[in-house]
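Enquirer: sequence and predicted structure below; questions after.
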2 protein chains.
Amino acid sequence: MLSNQLHNGLETAKLLWSRIPNSEDGEVDGGSLLRNSNRNTVESLDYEVIENYAYREEQAQRGKLYVGYYVAVKWFLALLTGIGTGLAAVFINISVENFAGWKFALTFSIIQRSYFAGFVIYVLINLILVFSSVYIVTHFAPAAAGSGIPEIKGYLNGLDIHGILLFRTLIGKIFGSIGSVGGGLALGKEGPLVHTGACIASLLGQGGSSKYHLSLRWLQVFKSDRDRRDLVTCGCAAGVAAAFRAPVGGVLFALEEVTSWWRSQLMWRVFFTSAIVAVVVRTAMGWCKSGKCGHFGSGGFIIWDTSDGQEDYSFEELLPMAVIGVIGGLLGALFNQLTFHITYWRRNYLHKKGNRVKIIEACLISVITSAISFGLPLLRKCNPCPESDHDSGIECPRPPGMYGNYVNFYCGKDKEYNDLATIFFNTQDDAIRNLFSAKTIHEFSAQSLLTFLVMFYTLAVVTFGTAVPAGQFVPGIMIGSTYGRLVGMFVVNFYKKLNVEEGTYALLGAASFLGGSMRMTVSLCVIMVEITNNLKLLPLIMLVLLISKAVGDAFNEGFYEQQARLKGIALLESRPKYQMRNMMAKEACRNQKVVSFPRIVKVADAVSILQSNLHNGFPVIDHVRNGETLVIGLVLRSHLLVLLQSKVDFQHSPLPCDPAGVSKSIRHNFSEFVKPVSSKGISIEDIHLSSDDLEMYIDLAPVLNPSPYVVPEDMSLTKVYNLFRQLGLRHIFVVPRASRVVGMITREDLLIEDSEDSASVELHSTSVRGHRQYSMISRNVDVERPLLNGLLLQDHMLG
Amino acid sequence: MLSNQLHNGLETAKLLWSRIPNSEDGEVDGGSLLRNSNRNTVESLDYEVIENYAYREEQAQRGKLYVGYYVAVKWFLALLTGIGTGLAAVFINISVENFAGWKFALTFSIIQRSYFAGFVIYVLINLILVFSSVYIVTHFAPAAAGSGIPEIKGYLNGLDIHGILLFRTLIGKIFGSIGSVGGGLALGKEGPLVHTGACIASLLGQGGSSKYHLSLRWLQVFKSDRDRRDLVTCGCAAGVAAAFRAPVGGVLFALEEVTSWWRSQLMWRVFFTSAIVAVVVRTAMGWCKSGKCGHFGSGGFIIWDTSDGQEDYSFEELLPMAVIGVIGGLLGALFNQLTFHITYWRRNYLHKKGNRVKIIEACLISVITSAISFGLPLLRKCNPCPESDHDSGIECPRPPGMYGNYVNFYCGKDKEYNDLATIFFNTQDDAIRNLFSAKTIHEFSAQSLLTFLVMFYTLAVVTFGTAVPAGQFVPGIMIGSTYGRLVGMFVVNFYKKLNVEEGTYALLGAASFLGGSMRMTVSLCVIMVEITNNLKLLPLIMLVLLISKAVGDAFNEGFYEQQARLKGIALLESRPKYQMRNMMAKEACRNQKVVSFPRIVKVADAVSILQSNLHNGFPVIDHVRNGETLVIGLVLRSHLLVLLQSKVDFQHSPLPCDPAGVSKSIRHNFSEFVKPVSSKGISIEDIHLSSDDLEMYIDLAPVLNPSPYVVPEDMSLTKVYNLFRQLGLRHIFVVPRASRVVGMITREDLLIEDSEDSASVELHSTSVRGHRQYSMISRNVDVERPLLNGLLLQDHMLG
């Protein structure tokens, strides 16, 4: 009798585990339906005894309805993420364009009278913008510094990094990047936009920010870690889609670069989010066309349309293109190495000295950047405008207050332009547009391009790592397109063909530098094609990327991986290390003392175990007949802490809770078990227990995960790694070899047909086994043998 | 002493297992380096005793060199696959275009005199082409029928399907699709091209076809299943890239639709293959431009350039576009359902009657298709040409013998055209080009489009499933663009705006039908953009695809999934079934009797076990002290068969082979264990053993996989499914719960730094554990406890 009750208790444990939303396996297993339908029970708050078949059936019925609702909410949140990210991108772009446009217009109007006054104004405006950015970041949102992509990668790889997805980080990121990009620093707004999208998604996923009283109850549906991470993946894609107006590129970026696992269902929702962003951004652009957005609209989002560029390429051009790839790989790897060392130095020395140093540093860099971008073009002699070609629609010099090529800056005559000012004394978007532009052969001199390359490369290296939001895409494109254009000039001079465009080489150079630095492949390729609106160059971009990535990989890791490593974000790479082939599972955890819990644990013991180590998961081991033990599951530190804090599950007896206690053992609101994404959660030090409490017991059965993944102790670590990585696990038990095989599961066993009657399941089977019927009823009859052995023993002992 | 020897024996087993190339886990684990470097040992054929550390080190050194060679070969084969597929695509296209061009030119020249004679000639040419195709397929390469994509999907999902990757299938596919597409049937050459690419890759991967004496020894490097499957994935991508000139689309198609698992390293090589294809195809196109390829070049590869089409869209247009999505979903789902039923009927009734019936069927359909495509336009009244707009460059009627809009067919006057003939009496590529064309508003009447839609839809449904190579992309685009253009006509009339192009709607219709039928997402989107060379419509294509896929999913499965199910190809979907949440691992293998082997098995017993069932994998269980047992690994039927066939491993004693026997036990050339991809392998019936042989014993230790994946018996089947699917397994052992936990592996344990000294491995660790050093030497000291127990016992018993 009691045995049956005990068995029921463990059965309930299994049911409950699947209900506890933060269940770690649930994070990445495909069983969302499982969790979703059980959420129903959680939400309805009627934790009655689940003991008969009819009741379960009813649950299942209601569960299916709930699944529909849940799926609808998921899509709705994806929609909101898309709209939110799109609007944030539009806001950032309008602000940046207006600040920058106003700054350049003012400076140009002043330098008509005095270059010195213009210089002072220019430096001051930049300084104010950068100061506002660095002040916001240092005093309000420290997590908003940098690009945020390594952190998001870490989060989606399964790590919890404090502070990166807070509401204040979102605000800091948006306003910080307006300041830093508007202030003319050598950085971009695209990386921060990815982080912005992720923040928006995360906040939506947890139903707003409770700290700022912005939380919405009806949105708090997502209790599981996995659903939140999925939504954050959507947010990343939305960020890229909004930053580059590249919806497909966004999807691929999220899947190639950011997430750690790939599921077709997720891809579908990511795709939807990106499409929404594209529509939102397009609508905003259409609305701004009529001039309602100030300076925004003429420059606008970064689409560097090169579709009117080079139509075709000849075979001889493949060689200089390969050269571009090699240069990109070399300069990209060098960039990674330099930023790595400088960031290391910053983190360990400079930035330890406090916020004031960070602010001074950023302001200093701003002044230097302003001085260089204003001063260097002054030293440059102006060139006469080329003979005007009215068909191309390019004016020289460009009309004042407009964007375009051929900037007249410090020139003696009206019909002259300053080629260095055209790229340096300009917003980065416009500079890139000028570098990519077709039909402007011989616009730039090699000397100007080289000067710009060296100066901008140095500035980009130095600027990255300051305490402002900073993306690396646009600086990378700047650097790459500069040397690309240099190679292009050489090709034009050497091959003497008319249909070669320097702009094409600039584009390939940009791709090569990004490939050499970030080491992305398909997503970068698609992004480059989408931002230049030119599909004809696709094979060339692919080849250049192949070369530059291969060259870069010969030297070091990708940019984001290096930065993640610096920040202590332990990313699990997709490929196991070479050394693992010589190691066994056991060796990976050799000196580790396994700290385990018994099923019924005294509160005092639990507290002391939790205080004595920092492990996050513990095996639960039950004692059975003749002194043998049995691993009955995994319990998480966070769940134990919730149990200890609430105290409602404490019991006086060291016996398992009785069957009526099934209801007792689930007195918790299971949403309590969900760790808030944006806080550190409770710690053992926060929990204060009276001496009476310490003498009581807890039955862990209801909160444990009854079947964590296990590996035999002598399995190759390579295999363990793949298991861990592919399933996105956090804990694996290393156990001794099994003594017998209960059964074997093959492909045929897993082919279950959908059937009308959800209770009976028909299995495809090999000819040996024939068809079988399963019913849910039979589960209660068929209890697992060894587990029951243990329970029977206790029954026996206690009876 | 002996215990040590025994232990060495099992150690060797582990080493050897990792050398056996067809190791099933190896298929998808990331440990390619592991296998590769061990291949070195396999290839060098010196199976010496591997017993000391120094020797192992030497192996590791040589292994690294070999890894470099192996990686180079992989890339070289990917290059060859790209070139081969590109050339095959060019060959097919040139042939089809020339046959079709010649056919239409001849027919047009004859109908100047007699429409009846023209009709007869037209029907006859089509009939001859289709007959040649169906004859090749039925008599020479039966596996070449259909599109081949479901079979390739199955192969990459982990199934071995006989015949699909043979050399004769390749030949049949190439020549068969020239006949069937050139013969004007309602099917495309794109699906077959994917199959062609896969065949080329597979043949390269196994070093040619030995049957036709085309095998190259130096290419026979790939002995592992996984490397072959990877190369086949490259081949699929190459096929799509070549078929649509869509390199990125090819990569995404391979990864979204075809493969079952996703690895970034593979993506990189797939990407390379696609780029190569793009270059090869472009080169060939450039070469053909000068008219060297006959009719090919004017029509050429299917790029339906719509980049000069609609620039922008207004919000009101989103409604009709959504309508297109819904229609696409409905018609696509209906298409899937109809083809499913017809194919079912064909497979089970019609095609069982033999090849003659198949040939008659295909010829009949050819005659009907010809009659309809010739006859229906005759019934249609001609329209006068629109006022000529010389800027658009579209002539009306088109000059004879050329491709283009406005076909003059059975018209009374010169300045007239037959709109039905423009789409019906034309190659499909040209028909689609006409449907997509911009600046041709009011070219088609609604009546013609409706007629064409109904007739072509019916033809496409009926034609699919005949014994000819048949793709569904182009027919799908035809159908979709027809109703898309219909909706477009309505929009033009209703909204009365000038900037609406019917061609845009045709394009969206094509996307919607493919989305509704094939249910692809990102890859289809990218393919559509690449073939139309128009990025501006990307967000619209995304939205239309979202709607049509959602609508289609409400009714049935995707086209390829349905066809795969019909063909008995058991694909494991990415998502576990709903019912699995209520099942335990044990239940999936309930009535299955576990057939296991002892470590040392008598040959007679092994034969009778293999004869008594059809299982492909068996647990190996060793008996240890006090009657307890221990699962020591998994042995595959195919490996057992190799052992039984070769007989070299037979031994007289029922004892484990002695340590000197380490060399004895690996007398095999391990490439013997690789199952040839294109044959069924050996069967137990093929093996003939003398009665002496039957009395001997085999030690299975050297050939077993010592650590197959295991799951506890009460694990949720959802979790088991994910494990199975994510790691691409074939067998999982279901074992009882463990009695203790040896250790726990967490994220920190798996972060191993690369170090110079490959022997010593430094582990990142949590603060609790500190840094540790591992060396390979320590492995020999540290032997696994329970395994040794068993061996010690035997030692004791025998000593």
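Expert: Looks like it came in fine.
Enquirer: residue A:631 contacts residue A:738, doesn't it?
Expert: No - applying Cβ atoms under 8 Å as the test, residue A:631 and residue A:738 come out as separate, 12.0 Å apart. All C-beta spots, glycine's among them, are computed from the backbone N, C-alpha and C.
Enquirer: please say which of those two ends up with more neighbours.
Expert: Neighbour totals were compared for residue A:631 and residue A:738, and residue A:738 leads with 26 against 22 (other Cβ atoms under 10 Å in any protein chain shown).
Enquirer: overlap in contacts, residue A:631 and residue A:738.
Expert: Counting by Cβ atoms under 8 Å, 6 or more residues apart in numbering or on different chains, the residues touching both residue A:631 and residue A:738 are residue B:738.
Enquirer: could you check how far residue A:438 is from chain B?
Expert: As judged by Cβ to the nearest Cβ, to the nearest Å, residue A:438 and chain B stand 16 Å apart.
Enquirer: and what of residue A:446?
Expert: 30 Å.
Enquirer: with adjacent residues omitted, what lies nearest to residue A:411?
Expert: Here the nearest residue to residue A:411 in space, its sequence neighbours aside, is residue A:382; by Cβ to Cβ, 6 or more residues apart in numbering or on different chains that works out to 3.6 Å.
Enquirer: correct me if wrong: that neighbour contacts residue A:416.
Expert: Yes - counting by Cβ under 8 Å, residue A:382 does reach residue A:416; the two are 4.0 Å apart.
Enquirer: can you show me the strands along the stretch 651-799 of chain A?
Expert: For the stretch 651-799 of chain A, the strands defined by DSSP state E, counting those that start in this stretch occupy A:697-699, A:710-712, A:731-735, A:743-746, A:761-762, A:773-774.
Enquirer: okay, those in JSON lines with mean neighbour count, distance to chain B and mean pLDDT next?
Expert: Listed next are the strands of the stretch 651-799 of chain A as JSON lines, based on neighbours: other Cβ atoms under 10 Å in any protein chain shown; distance: least, Cβ to the nearest Cβ, whole Å; pLDDT from 0 to 100:
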{"stretch": "strand A:697-699", "mean neighbour count": "24", "distance to chain B": "19", "mean pLDDT": "86"}
{"stretch": "strand A:710-712", "mean neighbour count": "27", "distance to chain B": "5", "mean pLDDT": "86"}
{"stretch": "strand A:731-735", "mean neighbour count": "24", "distance to chain B": "4", "mean pLDDT": "86"}
{"stretch": "strand A:743-746", "mean neighbour count": "22", "distance to chain B": "3", "mean pLDDT": "82"}
{"stretch": "strand A:761-762", "mean neighbour count": "20", "distance to chain B": "4", "mean pLDDT": "35"}
{"stretch": "strand A:773-774", "mean neighbour count": "16", "distance to chain B": "6", "mean pLDDT": "34"}
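Enquirer: how about the ones you listed in JSON lines, adding distance to residue A:396?
Expert: Shown next, in JSON lines, are those (distance: least, Cβ to Cβ, whole Å):
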{"stretch": "strand A:697-699", "distance to residue A:396": "80"}
{"stretch": "strand A:710-712", "distance to residue A:396": "69"}
{"stretch": "strand A:731-735", "distance to residue A:396": "66"}
{"stretch": "strand A:743-746", "distance to residue A:396": "73"}
{"stretch": "strand A:761-762", "distance to residue A:396": "75"}
{"stretch": "strand A:773-774", "distance to residue A:396": "79"}
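Enquirer: if you count contacts, what does the helix or strand where residue A:641 lies end up packed against?
Expert: Element membership of residue A:641, judged by DSSP states H and E, is helix A:637-646. Helix A:637-646 sits against helix A:603-612, strand A:617-623, with contacts defined as 3 or more Cβ pairs under 8 Å, 6 or more residues apart in numbering or on different chains; DSSP states H and E.
Enquirer: got the buried residues for the shortest one?
Expert: Which is strand A:617-623. In terms of neighbour count (16 or more other Cβ atoms under 10 Å in any protein chain shown), strand A:617-623 has its buried residues at A:617, A:618, A:619, A:620, A:621, A:622.
Enquirer: I'd say the last one and residue A:633 touch.
Expert: No - between residue A:622 and residue A:633 there is no contact, the gap being 9.2 Å when judged by Cβ under 8 Å.
Enquirer: the helix holding residue A:641 vs helix A:603-612, what angle?
Expert: With axes from the mean of the first three to the mean of the last three Cα atoms, to 10 degrees applied, the angle from helix A:637-646 to helix A:603-612 works out at 130 degrees.
Enquirer: how about the contacts made by whichever residue of the stretch 551-700 of chain A sits closest to chain B?
Expert: Nearest to chain B, among the residues of the stretch 551-700 of chain A, is residue A:589, at 3.2 Å (Cβ to the nearest Cβ). Residue A:589 sits next to A:734, B:742, B:743, B:744, B:745, B:749 when contact means Cβ under 8 Å, 6+ apart.
Enquirer: relative to residue B:181, how far out is the fourth one?
Expert: What it means is residue B:744. Distance, residue B:744 to residue B:181, using Cβ to Cβ, to the nearest Å: 59 Å.
Enquirer: just the last one next, same as before
Expert: Counting by Cβ to Cβ, the gap from residue B:749 to residue B:181 is 56 Å.
Enquirer: same check on the first one?
Expert: Look at residue A:734 and residue B:181: by Cβ to Cβ, they are 57 Å apart.
Enquirer: so which strand or helix has residue A:381?
Expert: Short version: residue A:381 belongs to no helix or strand, going by DSSP H and E.
Enquirer: pLDDT score assigned to it?
Expert: We note a pLDDT of 84 for residue A:381 in this prediction.
Enquirer: figure out which of the strands of the stretch 651-799 of chain A is closest to residue A:108.
Expert: Closest approach to residue A:108 among the strands of the stretch 651-799 of chain A (Cβ to Cβ): strand A:731-735, 61.9 Å.
Enquirer: before I go, just wanted to say thanks for your time.
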